[in-house]
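> this one's sequence-less:
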């Protein structure tokens with residue numbers, strides 16, 4: 001009698017475990033199926049229905065063979081196989097100004113009118129490596145667009161610029177190229193971002209980037225309130241050779257000191273350089289408010305003026321010809 005009761009308890013326990021495992025198996029299967037989509041075989045007119053109960057002819061559409069759909073369900077009606085398709089649902093949380101996601105309608109067409117294709121051509125784990133973002137143009141996604149029925153922007157790329165991130169996975173998609181899965185140094189998973197948005201290596205601010213391995217003597221002034229604002233002088237034998245003025249947006253104006261004519265270029269925050277131009281007294285740009293010279297050429301002082309918070313708070317940095325830096329106010 002006791003054995004019989006124990007047997008019944010074991011059967012019940014196994015049944016409960018199976019019930020818990022069923023959703024897990026279902027989710028896993030659905031996850032794998034998301035790597036595939038459907039396209040129409042031709043652009044010939046296709047009859048479709050919006051209703052599951054009556055997948056008969058209600059409307060006619062003229063599909064494009066490049067449009068991607070995802071399977072909602074399949075069914076058979078009077079011996080004919082039908083498939084319910086949905087377009088990709090994209091939640092543009094940031095890029096398009098918090099645009100509302102359009103509801104995904106299901107359309108039912110003959111299964112024979114579409115073909116199954118891979119949305120993910122290759123997906124591989126990669127050795128964790130440091131990267132940084134080179135522009136604000138791209139954001140992080142829950143999944144790369146064109147690979148899942150529902151995808152969403154989840155983090156702004158601009159919030160994670162000017163710092164070292166880490167790549168952990170790579171995905172080659174059919175529609176939108178290659179995406180990289182990214183996390184922070186602390187392990188926070190940011191999601192997927194377009195490969196064109198990243199550059200390899202640890203992040204270096206413009207002053208560090210431009211002066212790495214330099215044999216020249218370097219002096220750097222750093223703003224206490226906004227440490228991205230910097231002025232660096234590079235000199236040789238107490239003679240100023242280069243002046244670098246780094247702005248809050250992490251662009252930098254690089255000035256070459258020359259006996260005949262000083263020149264400069266701007267290193268943009270994405271590491272591209274503008275054309276070289278001649279400097280002029282009282283010139284200004286997005287990095288600083290004003291730049292100019294005091295005194296004669298052989299004994300002059302170069303000054304750089306910044307706005308710190310608004311037009312009422314600003315600072316002037318004087319640079320002597322031997323490379324010394326001095327904050328005037």
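Structure received. Given the structure is predicted, the values throughout are model-derived calculations rather than measurements.

> Please count neighbours and contacts with C-alpha atoms only from this point.
Noted.

> what residue ranges in the stretch 101-250 of the chain score low on pLDDT?
101-102 (pLDDT under 70).

> 90 instead?
Low-confidence segments of the stretch 101-250 of the chain (pLDDT under 90): 101-105, 134-137, 223-229, 247-250.

> just the helices in the protein please.
Ranges of helices in the chain, per DSSP state H, are 2-33, 206-211.

> hey, least reliable of the ones you listed by pLDDT?
Of all the helices of the chain, helix 2-33 carries the lowest average pLDDT, namely a mean of 40.

> residues of stretch 284-301 that come out buried?
Residues of stretch 284-301 classed as buried by neighbour count (16 or more other C-alpha atoms under 10 Å): 284, 287, 288, 289, 290, 291, 292, 293, 301.

> which ones are touching the fourth one?
Spelled out, it's residue 289. Neighbour list for residue 289: 304, 305, 306, 307 [criterion: C-alpha atoms under 8 Å, 6 or more residues apart in numbering].

> Model confidence score at the nearest residue to the last one once chain neighbours are set aside, please.
In other words, residue 307. Distances taken as C-alpha to C-alpha, 6 or more residues apart in numbering place residue 314 nearest to residue 307, at 4.3 Å, with adjacent residues excluded. Looking at residue 314, its pLDDT stands at 77.

> wait, what's in contact with residue 314?
305, 306, 307, 308, 329.

> Let me have those residues in CSV, extended by distance to residue 38 and neighbour count.
What follows is these, written out as CSV (distance: C-alpha to C-alpha, whole Å; neighbours: other C-alpha atoms under 10 Å):
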residue, distance to residue 38, neighbour count
305, 59, 21
306, 56, 22
307, 56, 15
308, 55, 17
329, 66, 10
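
> Test my guess that residue 117 contacts residue 37.
Yes. Between residue 117 and residue 37 there is a contact at 5.4 Å, judged by C-alpha atoms under 8 Å.

> These two - which one has more neighbours?
Between residue 117 and residue 37, residue 37 has the larger neighbour count (other C-alpha atoms under 10 Å), namely 26 against 15.

> thought that one was touching residue 118?
Yes. If you go by C-alpha under 8 Å, residue 37 and residue 118 touch, sitting 6.3 Å apart.

> okay but residue 106 is in contact with residue 82, surely?
No. Using C-alpha under 8 Å, residue 106 makes no contact with residue 82, being 11.9 Å away.

> picking up where we left off before, and the least confident of the contacts of residue 289?
Within these, pLDDT is lowest for residue 307, at 70.

> check contacts around that one.
Residue 307 touches 288, 289, 313, 314, 315, counting by C-alpha under 8 Å, 6+ apart.

> still on that earlier bit, now, the most widely separated pair of the buried residues of stretch 284-301?
The most widely separated members of those are 287 and 301, with 19.4 Å between them, by C-alpha to C-alpha.
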